[in-house]
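Enquirer: After the sequence you'll find the predicted model.
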Amino acid sequence: MRTLGTLTLLLLSSCAGMQETANLVRTPTPLELATPEERKLFEEIKPLILKEARQPGLVLAENSEMYVFLVTPRIAPLIKAYQYSKDPEFLEAFVPLMEQILSQRYIHPTKKEWNGWWHYKGYDVVIQPNRPGREWGILDDASFYFKPALEFALVVREDPALKAKYGAKAEAWLKDVKESIRAFDKRGCWHDIDAKTGWYTEATEYPDTSGNILNRDLSDSWAGGSQEYYKVSALNEALALAYRLTGDAWYRTRMEKTGADWRRHWREDEKHVEWNYRDDRFAGDYVSRVYKQGPPRRGQYVHANGSFCMSDVAAAVALYDVGVFFTRQDMERLIKTNVEFMYRGDNPPTFLDVDGKTPEQRPYKYHKRGRLWTSLAHFSPKVRELWKLYLDDPKKDWMWHVNAMDYLLEMSRPVSWEPRYAGK
């Protein structure tokens with residue numbers, strides 16, 4: 001007969017064996033599978049990512065237009081760094097930063113569809129009634145709220161321990177993001193063009209501090225005009241994440257319509273494809289406020305800032321990965337454009353603009369250079385090779401660690417034409 005002590009020893013031994021088995025079957029993190037060089041790079045950028053995330057919170061009223069460009073790189077790499085390393089320190093930095101960002105959000109007293117981060121004419125530090133503002137909402141909301149909050153919800157849902165700690169917060173943010181994405185429709189920003197295409201415009205109204213919804217001055221060159229591609233591209237990346245989380249066909253339809261509308265504006269030849277920074281589609285794009293009558297208010301052109309095209313391509317890859325609209329042939333055309341037509345063949349790599357012009361040929365004085373479309377590293381060993389050369393350049397860009405984190409996470413995945421999330 002076994003004694004109580006013997007049974008206890010057997011139970012302890014069994015539990016130890018189960019734990020050992022669990023440890024053996026645990027999936028290694030990408031960091032654990034990384035090369036020594038990749039681990040060294042991660043150790044270099046980890047303190048930079050955390051330092052930026054822990055900076056004193058930015059105040060929207062003090063930064064206005066620049067807020068989105070300053071706060072997005074603070075929050076963007078945190079979830080990716082967690083996915084790469086499973087280090088909880090990144091989530092512990094993420095949550096208070098997101099809460100601080102949300103503290104800068106305008107909250108309408110009764111109409112939630114007007115909640116958001118608003119910028120005002122003259123970049124005033126306070127909201128002034130009857131002074132309608134330049135509405136950056138789609139870019140702002142998608143870049144530093146929708147995308148990171150949805151990525152957070154994805155990682156929390158995948159881990160029971162994280163669900164116990166962060167589940168309620170993640171689901172609350174997910175619920176709010178789903179409502180906020182649809183709020184642009186309620187603001188009158190969405191327009192079906194035909195059965196297969198549609199696009200977003202900027203709002204023709206805005207909220208004041210008392211909750212009144214005021215008309216924007218129609219002389220404002222942005223009110224009612226077509227959104228730039230890179231802004232809708234940022235939203236499409238968020239739509240792809242929301243689709244992965246919910247499976248809701250509404251997101252798929254919206255991605256298909258905007259993807260098809262952007263794709264039909266490509267200009268193609270045997271060497272490359274190109275597209276404008278924005279295109280005119282609606283009456284609000286014209287001074288006359290009548291479609292195609294008279295001069296356009298802002299016009300159609302290729303921008304000298306190559307990062308805008310980079311964002312558009314990233315959105316196309318995000319749609320491809322959830323099985324929406326874009327094809328392998330589309331990706332191959334984009335790869336050819338970037339690494340054959342645009343690449344100048346130098347090291348560190350530099351690029352022409354998407355239409356083949358040198359940046360010096362542009363009248364616009366800022367950001368005069370093309371870019372490597374790093375999202376295409378999903379499919380292209382050549383893009384990965386050029387990305388590595390770029391990161392090896394000692395003269396790195398401001399906030400270069402954001403790009404480096406994207407690189408490390410991409411290198412942990414195989415080159416493949418398989419859509420990563422289609423059907424999942």
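Expert: All right, it came through fine.
Enquirer: what ranges do the strands span in the stretch 51-200 of the chain?
Expert: With DSSP state E, counting those that start in this stretch as the criterion, the stretch 51-200 of the chain has strands at 190-192, 198-200.
Enquirer: For the residue lying closest to L352 once chain neighbours are set aside, give its distance to G306.
Expert: The shortest distance from L352 to any non-neighbouring residue, by C-beta to C-beta, 6 or more residues apart in numbering, is to M342 (4.7 Å). Placement of C-beta: from N, CA and C, glycine included. M342 sits 9 Å away from G306, taking C-beta to C-beta, to the nearest Å as the criterion.
Enquirer: follow-up on the earlier one: what about the residue nearest to L352, neighbour count?
Expert: Residues lying near M342 (other C-beta atoms under 10 Å) number 24.
Enquirer: Buried residues of stretch 83-92, list them for me.
Expert: Within stretch 83-92, the residues that count as buried by 16 or more other C-beta atoms under 10 Å are Q83, Y84, S85, K86, F90, L91.
Enquirer: should've said stretch 325-336
Expert: F325, F326, D330, M331, R333, L334, I335, K336.
Enquirer: which element is the first one on?
Expert: For F325, there is no enclosing helix or strand under DSSP states H and E.
Enquirer: Look up the closest residue to it, ignoring the ones flanking it.
Expert: Nearest non-adjacent residue to F325, counting by C-beta to C-beta, 6+ apart: G259, 3.9 Å away.
Enquirer: distance of the one you found from H119?
Expert: Distance from G259 to H119, by C-beta to C-beta: 27 Å.
Enquirer: who's more crowded, the two?
Expert: The neighbour count for G259 versus H119, taken as other C-beta under 10 Å, is higher for G259 (25 against 21).
Enquirer: which residues touch the more buried one?
Expert: Neighbouring residues of G259 by C-beta atoms under 8 Å, 6 or more residues apart in numbering: N236, A316, L319, V324, F325, F326.
Enquirer: Give me the mean pLDDT for stretch 280-294.
Expert: What stretch 280-294 shows for mean pLDDT is 93.
Enquirer: Could you do stretch 197-216 as well?
Expert: Mean pLDDT, stretch 197-216: 88.
Enquirer: Next: stretch 98-113.
Expert: pLDDT averaged over stretch 98-113 gives 94.
Enquirer: Please identify the buried residues of it?
Expert: Of all the residues in stretch 98-113, those buried under the rule 16+ other C-beta under 10 Å are M98, Q100, I101, L102, Q104, E113.
Enquirer: Quick check: the two most widely separated of those residues?
Expert: Distances among the buried residues of stretch 98-113 were taken as C-beta to C-beta; the most separated pair is Q100 and E113, at 23.3 Å.
Enquirer: need the contact list for the closest residue to Y84 other than its chain neighbours.
Expert: With sequence-adjacent residues excluded and distances taken as C-beta to C-beta, 6+ apart, Y84 is closest to P30, at 4.8 Å. The neighbourhood of P30, defined by C-beta under 8 Å, 6+ apart, consists of Q83, Y84, S85, L408, L409, S412.
Enquirer: Now tabulate these in CSV and tack on distance to H272.
Expert: Converted to CSV, those look like this (distance: C-beta to C-beta, whole Å):
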residue, distance to H272
Q83, 33
Y84, 33
S85, 38
L408, 29
L409, 28
S412, 30
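Enquirer: Can you tell me which of the residues you listed is nearest D141?
Expert: Taking C-beta to C-beta as the measure, D141 lies nearest Q83 of the contacts of P30, at 22.5 Å.
Enquirer: wait, what's in contact with A315?
Expert: Here A315 is in contact with V232, S233, A234, N236, E237, A240 (criterion: C-beta under 8 Å, 6+ apart).
Enquirer: Do you know the pLDDT at it?
Expert: For A315, the predicted pLDDT is 98.
Enquirer: Please enumerate the helices of the stretch 51-200 of the chain.
Expert: According to DSSP state H, counting those that start in this stretch, the stretch 51-200 of the chain carries its helices in the segments 60-63, 67-85, 88-103, 137-141, 147-157, 160-186.
Enquirer: mind checking how far the last one is from the chain centre?
Expert: This points to helix 160-186. Chain-centre distance of helix 160-186: 17 Å, with C-alpha atoms, centre = their mean, to the nearest Å.
Enquirer: again, but for the fifth one
Expert: Shown here is helix 147-157, whose average C-alpha point lies 13 Å from the average C-alpha point of the whole chain (C-alpha atoms, centre = their mean).
Enquirer: Tabulate the CA atom coordinates of it in PDB.
Expert: Output of helix 147-157 as PDB, limited to C-alpha atoms (Å, rounded to 0.1, in the frame of the first residue of the first chain):
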ATOM      1  CA  LYS A 147      -3.600  50.500 -35.400                       C
ATOM      2  CA  PRO A 148      -1.700  50.100 -32.100                       C
ATOM      3  CA  ALA A 149      -4.900  49.500 -30.100                       C
ATOM      4  CA  LEU A 150      -6.000  46.800 -32.500                       C
ATOM      5  CA  GLU A 151      -2.500  45.200 -32.400                       C
ATOM      6  CA  PHE A 152      -2.800  45.300 -28.600                       C
ATOM      7  CA  ALA A 153      -6.100  43.500 -28.700                       C
ATOM      8  CA  LEU A 154      -4.600  40.800 -31.000                       C
ATOM      9  CA  VAL A 155      -1.700  39.900 -28.700                       C
ATOM     10  CA  VAL A 156      -3.900  40.100 -25.600                       C
ATOM     11  CA  ARG A 157      -6.500  37.700 -27.000                       C
END
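Enquirer: Averaged pLDDT, it. What do you get?
Expert: Averaging pLDDT along helix 147-157 yields 98.
Enquirer: For that helix, name the packing helices and strands.
Expert: Contact analysis of helix 147-157 by 3 or more C-beta pairs under 8 Å, 6 or more residues apart in numbering; DSSP states H and E lists helix 67-85, helix 88-103, helix 160-186, helix 229-246 as its packing neighbours.
Enquirer: The third one too?
Expert: With contacts defined as 3+ C-beta pairs under 8 Å, 6+ apart, helix 88-103 has these neighbours: helix 36-53, helix 67-85, helix 147-157, helix 160-186.
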